[in-house]
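# show me how the following folds:
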Amino acid sequence: MSDAIYPTLSGLTWDITRTPQFSTQIQRSVNGYERRAAFYATPIWHFQLHYEFLSESDYGTLAAFWAARQGGFDSFLWADSEDSSATIMPFGVGDGVSLDFQLQRTLSPTPDSTKLYGADGSSFEPVYNLNGSPTVYWTIGGVPYLILSGMTNYLHYSSDLTQAAAWTATPAITPTYSSGGTAPVGTGITRLQAPSSSGIISQTFDVSTNSGDYVASVWIKDNGSTGAPHLSLTISNLTQAESFSALITPTGTWTRHDVGLSNVQAGDSIKVIIQGGFAGASLDIYAWNVQLEKGLYPTRNVVTSSGPGSATNWTVSATGLVSFQNVLSVVPANGVVISWSGSYYWRVRFAADSLDFNEFMYQLHELKQVDLVRVRP
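Sure, this is the predicted structure:
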């Protein structure tokens, strides 16, 4: 099994014949009833490539490639001109536990994530040979969010909000850091108190070259607030004078809150703001891991100190297996549809074996046709 790629020749027409083949055993009784057994979960595909013309150089290239494969012995990679890419194609549904998902494809114009490979009535089949790097999405509330394979938390001291070198606090709010305080992961949390009026704590990040979408997030847990104090998380583009806020109702359990900002340009300044408390109310909460990252959906938690921190959200194997990291918030939640975009190859072999050279050359010279058969990995 080689990773040699079928050569591209100028004379290929759009007339590629694709024939799926299943293997079914059928037994029919004398009264006409049938019993059927299916041996293939997905079809074996047969391809006929038709060429409008072939130059002498093309003949030589194909014959040499066929000989190097020893006819039908060695498999190779081929990119179908009409079926070699996916665009936000479903390949899994999260259950809150599973981390590994095999990339898949379907010919359906409206892919149904309930009919993924392995499901009853599946219309999908696995993709094992990638052409380049894929992109991965989680669809939440009908919106596909890009999940980058790697992420960076650009904020400094993301859990210790007492660090004046990174965070700016108004007098009305008091941060107190507890290195032993229990966080959603590990220890180290900041208590924020605003007993009588609204207070603000913030950090600014200057975008250098990483233009695009950004999302801010924070974990919040109530510690005895009274009077329903106002609490919000804001992400602001100071350069473009644009801000978005998410109102937060703190509870007695750790909950992650987020807000996004689109179309940030290189040279812009982003400020992440936590604001809470007002007259007649007392804010008393715990905060953990204030995070600013690329994208519009928060991913893996990276607690930082004196600089930004990076981590991996997911990896993809050479056979198209996507593995999410087993870290809080990077396990696809129950019901989240996981999709991908990218390009892929078919793994195929020549239908003509090494003893059929004359037949191969006849098809090539007279019919200008090459027959390929899909091979399972």
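# could you list the low-pLDDT ranges of this structure?
Low-confidence segments of the chain (pLDDT under 70): 11-14, 118-121, 327-329, 353-367.
# what's the longest helix in it?
Criterion DSSP state H: the longest helix present in the chain is helix 56-68.
# restrict it to CA atoms and write it as CSV.
Taking C-alpha atoms only, helix 56-68 is exported to CSV below (Å, rounded to 0.1, in the frame of the first residue of the first chain):
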residue,chain,number,x,y,z
GLU,A,56,2.6,10.2,-26.1
SER,A,57,4.0,11.6,-22.9
ASP,A,58,0.7,10.8,-21.2
TYR,A,59,0.8,7.2,-22.4
GLY,A,60,4.3,6.8,-21.1
THR,A,61,3.4,8.4,-17.7
LEU,A,62,0.4,6.1,-17.2
ALA,A,63,2.2,3.0,-18.4
ALA,A,64,5.1,3.7,-16.0
PHE,A,65,2.8,4.4,-13.1
TRP,A,66,0.9,1.2,-13.8
ALA,A,67,4.1,-0.9,-14.0
ALA,A,68,5.4,0.6,-10.7
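# what comes up buried for it?
Neighbour counts over helix 56-68 (16 or more other Cβ atoms under 10 Å) mark 58, 62, 65-66 as buried. All C-beta atoms are positioned from the backbone trio N, CA, C, and that covers glycine.
# could you look up the next helix or strand downstream of whichever helix or strand residue 144 is part of?
Using DSSP states H and E, residue 144 maps to strand 143-147. Tracing the chain past strand 143-147, the next element assigned as helix or strand by DSSP H and E is strand 150-153.
# on contacts alone, who are the packing partners of that next one?
Packing partners of strand 150-153 (3 or more Cβ pairs under 8 Å, 6 or more residues apart in numbering; DSSP states H and E): strand 283-294, strand 309-312.
# quick one: closest of the ones you listed to residue 242.
Nearest to residue 242 among the helices and strands packed on strand 150-153 is strand 283-294; the distance by Cβ to Cβ comes to 15.3 Å.
# show me the strands paired with that closest one, marking each as parallel or antiparallel.
If you go by DSSP bridges, strand 283-294 pairs up with strand 187-194 (antiparallel), strand 212-222 (antiparallel).
# so for that strand, what gets flagged as buried?
If you call a residue buried by 16+ other Cβ under 10 Å, then strand 283-294 has these buried ones: 283-294.
# can you pick out the most distant pair from those residues?
Across the buried residues of strand 283-294, the longest distance by Cβ to Cβ is 32.7 Å; it joins 284 and 294.
# next, the contact list for residue 133, please.
Contacts were defined as Cβ atoms under 8 Å, 6 or more residues apart in numbering; by that measure residue 133 touches 149, 316, 342.
# name the member of those with the most neighbours.
Highest neighbour count within those: residue 342, with 20 neighbours (other Cβ atoms under 10 Å).
# for that one, give me its contacts.
85-86, 130-135.
# can you put those residues in a markdown table and add distance to residue 45?
As requested, the contacts of residue 342 are arranged in a markdown table below (distance: Cβ to Cβ, whole Å):
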| residue | distance to residue 45 |
| --- | --- |
| 85 | 16 |
| 86 | 17 |
| 130 | 18 |
| 131 | 17 |
| 132 | 22 |
| 133 | 25 |
| 134 | 21 |
| 135 | 26 |
